[in-house]
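[1] okay, predicted coordinates and the sequence, questions at the end:
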Amino acid sequence: MSDPVTRTILLLDIERYSDRDDVEQAYLRRMLYDITDRTLERAGIDETLRLRADRGDSVMELIDANAPVTALLRALLSEVPAQLRAVNRMASRSAQIRLRAVLATGYVAVDEHDGWVGSDLNHACRLLDADILRTALRERADDFALCVSDPLYGGVVRHDHPGIPADGFHEVTVDSKNGPLTAWLHGPVPAAATGQDHRERGEAPGGSGDRPAPRVPEQGGPHENGPAPDGNRGAPAPGSAVHVHGGTFNGGVFGGTQHGGISGGNFHGNVTLGRAERGEGA
């Protein structure tokens, strides 16, 4: 095995590749290779500065450490989305290509079988397969989602180089068999990862399973306490209307003059509605 050397690691993966038939997969692989080559050429990285490994639905590039990472990042943020739009504009629905990408840096060695070895490489592969990156692409209207490793963010992205806005990247945590990994996702973080509440408007917390919790009544809806109906000759009646349907009421006071509709249920103790007092009843 060779001695480990520093490399920039680029991974690109096709979304929903296994859902396509053989003809479509062959087309998508051609598009993946074409987009990858064009992007690296735009970044000034020729074939002498990189090694490629084919992974079927994805491609892995090991790039010489002397190649400019800033130029590669700019190309990923601009060139890849532009190429995807151009390709998908002319492609049928079954031939649409959407990509997940990871850019990382670390030490990689080559073994006697020309295989690539290194924990930094393993971490990059786990970022590529992470649920948060898959979800980010699935939730977006565009066709590209990029994640960079924490060392690459600290060494390059956070310095806010031209064309690489640091505030466009957001810290995320990826679970892996070797423990949590910190990474930086470009663009919006999926709502599920931020702990945001996905309940629809008016839906109360506390539902279980697939059955949502009961909705909170809308303003002015049925069974809601509100202004009392008009009094005689259209004059507003004082106080508010109280409607009680079923249930058990054990004492209590409603201040002011009230107009109540009470049906069913059991009532114990003194129930005062406005200025009138009613004894125990059912």
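    Received it, and whenever you're ready, just let me know what you need.
[2] show the pLDDT at Leu72.
    Here the pLDDT value assigned to Leu72 is 98.
[3] in the host helix or strand of it, which residues are buried?
    Assigned by DSSP states H and E, Leu72 falls within helix 69-90. Neighbour counts over helix 69-90 (16 or more other C-beta atoms under 10 Å) mark 69, 71-77, 79-80, 83-84, 87-88 as buried. Bear in mind the C-beta positions are built from the backbone N, C-alpha and C, glycine included.
[4] same thing with stretch 91-108?
    So stretch 91-108, judged by 16+ other C-beta under 10 Å, has buried residues 96-106, 108.
[5] cool, and stretch 119-139?
    120-121, 123-128, 130, 132-137.
[6] and of those residues, the nearest to Asp175?
    Of all those, Asp175 sits closest to Ala130, with 7.9 Å by C-beta to C-beta.
[7] my read is that that closest one contacts Ser149, right?
    No: counting by C-beta atoms under 8 Å, Ala130 stays clear of Ser149, with 11.7 Å between them.
[8] give me the common contacts of these two.
    Common contact partners of Ala130 and Ser149 (C-beta atoms under 8 Å, 6 or more residues apart in numbering): Ala183.
[9] who does the following helix or strand past the helix holding Leu72 pair up with?
    Reading on from helix 69-90 to the C-terminus, the next helix or strand found by DSSP H and E is strand 99-110. Paired strands of strand 99-110, with direction, are strand 5-14 (antiparallel), strand 116-117 (antiparallel), strand 144-149 (parallel) (DSSP bridges).
[10] reformat those strands into TSV and put mean neighbour count, distance to Asp37 and mean pLDDT next to each item.
    Listed next are those as TSV, based on neighbours: other C-beta atoms under 10 Å; distance: least, C-beta to C-beta, whole Å; pLDDT from 0 to 100:
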stretch	mean neighbour count	distance to Asp37	mean pLDDT
strand 5-14	22	11	96
strand 116-117	15	20	88
strand 144-149	26	16	98
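[11] minimum distance to Ser58: which of those strands has it?
    strand 5-14 (3.8 Å).
[12] so which other helices or strands are in contact with the following helix or strand past that closest one?
    As assigned by DSSP H and E, the chain's next helix or strand after strand 5-14 is helix 22-42. The helices and strands touching helix 22-42, judged by 3 or more C-beta pairs under 8 Å, 6 or more residues apart in numbering; DSSP states H and E, are strand 5-14, strand 58-64, helix 69-90.
[13] what are the contacting residues of the last one?
    By C-beta under 8 Å, 6+ apart, the list of residues contacting helix 69-90 from outside reads 8, 10, 31, 35, 38-40, 42-45, 63, 96-99, 101, 103, 105, 142-144, 146, 148, 152, 155-157, 161, 163-164, 186.
[14] repeat for stretch 41-54
    40, 59-64, 66-68, 71-72, 74-75, 79, 116.
[15] swap in 7 Å and give it another go.
    40, 59-64, 67-68, 71-72, 75, 79, 116 (C-beta atoms under 7 Å, 6 or more residues apart in numbering).
[16] check stretch 148-167 too.
    69-70, 73-74, 77, 103-106, 123-124, 127, 169, 182-184.
[17] make it 6 Å
    Contacts of stretch 148-167 with the rest of the structure, by C-beta atoms under 6 Å, 6 or more residues apart in numbering, involve 69-70, 73-74, 103-105, 169, 182-184.
[18] for it, list the C-alpha coordinates in PDB.
    Provided in PDB are the C-alpha atoms of stretch 148-167 (Å, rounded to 0.1, in the frame of the first residue of the first chain):
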ATOM      1  CA  VAL A 148     -18.900  19.800   2.400                       C
ATOM      2  CA  SER A 149     -16.900  18.200   5.200                       C
ATOM      3  CA  ASP A 150     -16.100  20.100   8.400                       C
ATOM      4  CA  PRO A 151     -12.300  20.300   7.700                       C
ATOM      5  CA  LEU A 152     -13.000  21.700   4.200                       C
ATOM      6  CA  TYR A 153     -15.500  24.200   5.600                       C
ATOM      7  CA  GLY A 154     -13.000  25.400   8.200                       C
ATOM      8  CA  GLY A 155     -10.100  25.600   5.800                       C
ATOM      9  CA  VAL A 156     -11.900  27.200   2.800                       C
ATOM     10  CA  VAL A 157     -15.600  28.000   3.000                       C
ATOM     11  CA  ARG A 158     -15.700  29.900   6.200                       C
ATOM     12  CA  HIS A 159     -13.300  32.500   4.800                       C
ATOM     13  CA  ASP A 160     -16.000  33.700   2.400                       C
ATOM     14  CA  HIS A 161     -14.000  33.700  -0.800                       C
ATOM     15  CA  PRO A 162     -15.600  35.300  -3.800                       C
ATOM     16  CA  GLY A 163     -18.300  33.100  -5.300                       C
ATOM     17  CA  ILE A 164     -18.300  30.900  -2.200                       C
ATOM     18  CA  PRO A 165     -20.700  32.600   0.300                       C
ATOM     19  CA  ALA A 166     -20.000  31.200   3.800                       C
ATOM     20  CA  ASP A 167     -23.500  32.100   5.000                       C
END
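[19] thanks a lot, see you next time.
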